[in-house]
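K.L.:
Okay, predicted coordinates and the sequence, questions at the end:
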Amino acid sequence: MNRLTHFSRRLHNMLGLIVGAQVVLWVASGLYFSLRPIAEVRGDHLRSEAHAMFAELPDSDAPVGGILAALGEPVMALKVKPWLGRPVWEAETHSGKVMFDYASGQPLSPVSEADARRVAQAAWAGEGALAGLTLVDEAPPEAGRGAGRPMWRAEFEGEDTATFWIDPQAGDVAAVRTDWWRTFDLFWGLHIMDWTNRETISSWWMKLFSFGALILSLAGVWLVVDRLLKGRILK
């Protein structure tokens, strides 16, 4: 056995012990990712595509001045949007979004439990029914943009099951989560080796193990080539 082959074999065995488990996780998670379309993983099929619209705005003076005064901070955007079958004002500031009644300018945020229930039921397109609605004081990371602040958690059960996270400030569904999504999220964290935030794909762990997997593969290829050259591939 020449030195290159001996070195390649030892390197292949050593790296197999170190990075082999992560390579298996990469393959297994990649297989899982391919089983369903990403839109289905995100629960898009469970969210109603129908948007409440209004034919015309009520004939009333726009209470913009009162809204700006009530906010007490710079407004980046102020628009009219449909919400639960009626027009409302939505103001966007550095603190977040706030809704106001279109005619009176009275605040609508945070939305009440009754309105949150109506938002959930209007957005639901799956087979099942709303089984529970809870205000979570500090929403978990799965709540998407609402993580870390109060959010309504709507649980649907039936043939389809899902969690709708409803933003009490903007009055809309911030995220749709299913068991399939949660497993996908877990595998994603294992795949990119970011086990907590599951966002960073350029960590040193990722770079180190990717390089190790490359060397493992190259060493394996050389061992196969060496056996081919010696006519021992089937022995």
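P.N.:
Happy to help now that I have it. Because the structure is a prediction, the values reported are computed rather than measured.

K.L.:
where exactly do the strands run in the chain?
P.N.:
Here the chain has its strands, by DSSP state E, at 75-83, 86-93, 96-101, 129-136, 151-157, 162-166, 173-177.

K.L.:
biggest helix in the chain, by residue count?
P.N.:
Taking DSSP state H as the criterion, the chain has its longest helix at helix 3-33.

K.L.:
Quick check: which helices or strands does it pack against?
P.N.:
Here helix 3-33 touches helix 179-192, helix 204-229, going by 3 or more Cβ pairs under 8 Å, 6 or more residues apart in numbering; DSSP states H and E. Just so you know, the C-beta spots here come from the backbone N, C-alpha and C atoms, and that holds for glycine as well.

K.L.:
pLDDT on that helix, on average?
P.N.:
Average pLDDT, helix 3-33: 80.

K.L.:
for that helix, the distance to its chain's centre please.
P.N.:
30 Å (Cα atoms, centre = their mean, to the nearest Å).

K.L.:
let's have the chain start at 26 instead
P.N.:
New numbering, starting at 26: the last item is helix 28-58.

K.L.:
quick check: angle from it to helix 229-254?
P.N.:
Angle of helix 28-58 versus helix 229-254, following axes from the mean of the first three to the mean of the last three Cα atoms, to 10 degrees, is 120 degrees.

K.L.:
Distance of Ala195 relative to Leu133?
P.N.:
10 Å (Cβ to Cβ, to the nearest Å).

K.L.:
Next one, pLDDT for the nearest residue to Pro99 once chain neighbours are set aside please.
P.N.:
Spatial nearest neighbour of Pro99, chain neighbours left out: Thr118 (6.6 Å); criterion: Cβ to Cβ, 6 or more residues apart in numbering. With respect to pLDDT, Thr118 scores 91.

K.L.:
since we're on Thr118, how many residues are nearby?
P.N.:
Neighbour count for Thr118, taken as other Cβ atoms under 10 Å: 15.

K.L.:
Look up the residues forming beta bridges with it.
P.N.:
Val100, Gly121 (DSSP bridges).

K.L.:
That one and Met101 touch, don't they?
P.N.:
Yes: Thr118 is within contact range of Met101, at 6.3 Å (criterion: Cβ atoms under 8 Å).

K.L.:
Find me the pLDDT at Trp206, would you?
P.N.:
Trp206 is given a pLDDT of 95.

K.L.:
number of nearby residues for it?
P.N.:
What Trp206 shows, counting by other Cβ under 10 Å, is a neighbour count of 20.

K.L.:
who's in contact with it?
P.N.:
For Trp206, the contact set (Cβ atoms under 8 Å, 6 or more residues apart in numbering) comprises Val66, Arg67, Gly68, Glu167.

K.L.:
make it 7 Å
P.N.:
For Trp206, the contact set (Cβ atoms under 7 Å, 6 or more residues apart in numbering) comprises Val66, Arg67, Gly68.

K.L.:
same thing with Gln131?
P.N.:
Taking Cβ under 7 Å, 6+ apart, one finds Phe125 in contact with Gln131.
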